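Novice: Here is my input, please return the structure:
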Amino acid sequence: MSRMKKHLALLAAGCMAVGTIGSSVTVFAEEGAEVGGKLVIWEHTAQFEQPLKAVIEGFKEKYPDVDVEYQIKTSDQYYNLLQTAMQAGEAPDLFWTNGTATTNMQVYAEQGLLMDLTGKVDFSLYDDTSAMGICTIDDKVYATPTAEVGGRACFYNKAIFEELGLSVPKSFSEFEASLQTIKDAGYIPIAFSGSDPWAALFHFEPLLAAMHLDWLDEYLEKGEVDVNDARVVEVYNKMLDWADKGYYGTGYTGVDESGALLAFSKGEAAMCIEGTWNVQTIQENNPDLQLGAFQVPGEDGTKPFVGTSSCGFSVSADTENEAAALAFANYFASLDGQKLWIGTLDSIPCTKEIVSENTVINEIADFDVQTESYYSILGYLEGEGESPRNVWEEDQCKIFTGGISVQDFVDELEALTR
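Specialist: Residues are numbered from 1 along each chain as shown. As a prediction, this is how the structure comes out:
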């Protein structure tokens, strides 16, 4: 697998322009064409309300005759509500799904509920990225991607690092050596939640990438890998070793994700390895925090980034306003639309066409190679019975309380893969 830096230069695609797909030329609706009527858009969580509002405002400047109504649902009820609306023939014109990250979009596509956007939406902004994969099934595009990459990073307190004479580590051994230095100075080296399986995952995955990028490369190259491999076990055992040495502080098994983020934000901990979407939360917790971020390096200095593309919106096959729905899908997928989306969300762009104004975001984006998520691999290798992801969520945190050994845990997962 190439170690080419994933700061990719893309073709800047204007909204509603002439685009080329393969050898055929596709002509998209011209900006300002006679498009009007009403659109209803559903989003699955309030986290994305502000970026959606920003995109809608930008869209309305170009299509003032379209009345856009958006509805924010709760994530735990979203798919149930969407399924009910579909069965009643009242599906929104555009709606979010997880894309290929879950089975929902595929089921909707098989049921003929989604419009095939191939050739109808200009996706040239994403030509040199992997963003289209999450929106594509059997070479047909059923949703707009975003130019956003969600991932993991090591956040650090620059003031504490400066006080202790530490700098951003250039190797894994240098990173590990800093933990004792920080502990000796009276700080918690890493704020960590041992009670939240997701927070534990966002901590585990960057360590796996740093310690054993070869395991992740093996999956990317072959499409097969043992999820109970000795290299995976070694990473979990490294976390337990750090816990025993006090690098996570006392009582970490009872700390939830919010508590870990707050401890880091307040300066009690020097670092926190977490999801990149927590930048705003950390900065809101403490606007005065001298926040920095880096990718945990491998021993050879490689800076891997565990990142996943995100999905935008599908268009209902039964929309009564196809022209406006496609106009919005085109605008959302365009450079203008994604500048608004990513800028408001304060997330990591997958293209150099979009530069964040947040220095922490740009520090996160300083990586050498983007690699896969362990959790995603569990899903890709899922067998026909119980999902290994469900068992992972139920049992992972038991590792830290002694409820299950690392080897028994990963063997449990392996037994459920194909």
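
Novice: Domains in the protein, by residue range?
Specialist: Following automatic domain parsing, the chain resolves into domains at 18-149+308-361, 151-307+367-414.

Novice: Could you tell me the least trusted of those?
Specialist: Ranked by mean pLDDT, the domains of the chain end with domain 18-149+308-361 at the bottom, a mean of 89.

Novice: my read is residue 232 is in a strand, agree?
Specialist: No. Counting by DSSP: H, G, I helix; E, B strand; the rest coil, residue 232 falls outside a strand, being helix.

Novice: Is the residue lying closest to it once chain neighbours are set aside part of a helix or strand, or is it coil?
Specialist: Leaving aside its sequence neighbours, residue 232 sits nearest to residue 410 (CB to CB, 6 or more residues apart in numbering; 5.7 Å). All C-beta atoms are positioned from the backbone trio N, CA, C, and that covers glycine. What three-state DSSP gives for residue 410 is helix.

Novice: can you count the residues close to residue 410?
Specialist: 23 (other CB atoms under 10 Å).

Novice: What of the one 5 residues further on?
Specialist: Residues lying near residue 415 (other CB under 10 Å) number 14.

Novice: cool, and residue 343?
Specialist: Using other CB under 10 Å, residue 343 has 17 other residues around it.

Novice: where along the stretch 301-418 of the chain do the strands fall?
Specialist: 304-311, 313-315, 348-349, 369-371 (DSSP state E, counting those that start in this stretch).

Novice: what's the closest of those to residue 193?
Specialist: strand 304-311 (17.5 Å; CB to CB).

Novice: Show the secondary-structure elements that the closest one is packed against.
Specialist: Strand 304-311 sits against strand 145-157, helix 197-211, strand 369-371, with contacts defined as 3 or more CB pairs under 8 Å, 6 or more residues apart in numbering; DSSP states H and E.

Novice: Pipe the ones you listed into a markdown table and attach distance to residue 231 per row.
Specialist: Compiled in a markdown table, the helices and strands packed on strand 304-311 are given as follows (distance: least, CB to CB, whole Å):
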| stretch | distance to residue 231 |
| --- | --- |
| strand 145-157 | 18 |
| helix 197-211 | 7 |
| strand 369-371 | 14 |
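
Novice: got TSV for the ones you listed, with distance to residue 354 and mean neighbour count too?
Specialist: Formatted as TSV, those follow (distance: least, CB to CB, whole Å; neighbours: other CB atoms under 10 Å):
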stretch	distance to residue 354	mean neighbour count
strand 145-157	6	25
helix 197-211	23	23
strand 369-371	16	21
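
Novice: Which SSE is immediately downstream of the strand or helix carrying residue 183?
Specialist: Assigned by DSSP states H and E, residue 183 belongs to helix 172-184. Counting by DSSP H and E, the next helix or strand C-terminal to helix 172-184 is strand 188-190.

Novice: Just to check, residue 347 is in contact with residue 275?
Specialist: No. Using CB atoms under 8 Å, residue 347 is not in contact with residue 275, being 10.7 Å away.

Novice: element containing residue 282, please.
Specialist: Using DSSP H and E, residue 282 falls within helix 279-285.

Novice: Can you tell me the centre-most residue of this structure?
Specialist: residue 150 (2.5 Å; CA atoms, centre = their mean).

Novice: For the stretch 1-150 of the chain, just list every one of the strands.
Specialist: Using DSSP E, counting those that start in this stretch, strands in the stretch 1-150 of the chain cover 18-21, 24-27, 37-43, 66-72, 94-96, 136-137, 140-141, 145-157.

Novice: Tabulate those strands in JSON lines, adding columns for distance to residue 87.
Specialist: Output for the strands of the stretch 1-150 of the chain, formatted as JSON lines (distance: least, CB to CB, whole Å):
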{"stretch": "strand 18-21", "distance to residue 87": "34"}
{"stretch": "strand 24-27", "distance to residue 87": "33"}
{"stretch": "strand 37-43", "distance to residue 87": "15"}
{"stretch": "strand 66-72", "distance to residue 87": "17"}
{"stretch": "strand 94-96", "distance to residue 87": "14"}
{"stretch": "strand 136-137", "distance to residue 87": "22"}
{"stretch": "strand 140-141", "distance to residue 87": "23"}
{"stretch": "strand 145-157", "distance to residue 87": "27"}
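
Novice: Which stretch among those strands approaches residue 130 most closely?
Specialist: Among those, strand 145-157 sits nearest to residue 130 (CB to CB), with 9.2 Å.

Novice: Need the CA coordinates for the closest one. PDB is fine.
Specialist: Taking C-alpha atoms only, strand 145-157 is exported to PDB below (Å, rounded to 0.1, in the frame of the first residue of the first chain):
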ATOM      1  CA  PRO A 145     -20.900  12.000  -0.500                       C
ATOM      2  CA  THR A 146     -19.400  14.800   1.600                       C
ATOM      3  CA  ALA A 147     -15.900  16.100   1.300                       C
ATOM      4  CA  GLU A 148     -15.500  15.300   5.000                       C
ATOM      5  CA  VAL A 149     -13.400  12.600   6.500                       C
ATOM      6  CA  GLY A 150     -14.300  11.600  10.100                       C
ATOM      7  CA  GLY A 151     -11.400  10.000  11.900                       C
ATOM      8  CA  ARG A 152      -9.300   9.800  15.100                       C
ATOM      9  CA  ALA A 153      -6.500  12.000  16.500                       C
ATOM     10  CA  CYS A 154      -4.400  12.500  19.600                       C
ATOM     11  CA  PHE A 155      -5.400  15.900  21.000                       C
ATOM     12  CA  TYR A 156      -2.800  17.500  23.300                       C
ATOM     13  CA  ASN A 157      -2.400  20.400  25.600                       C
END
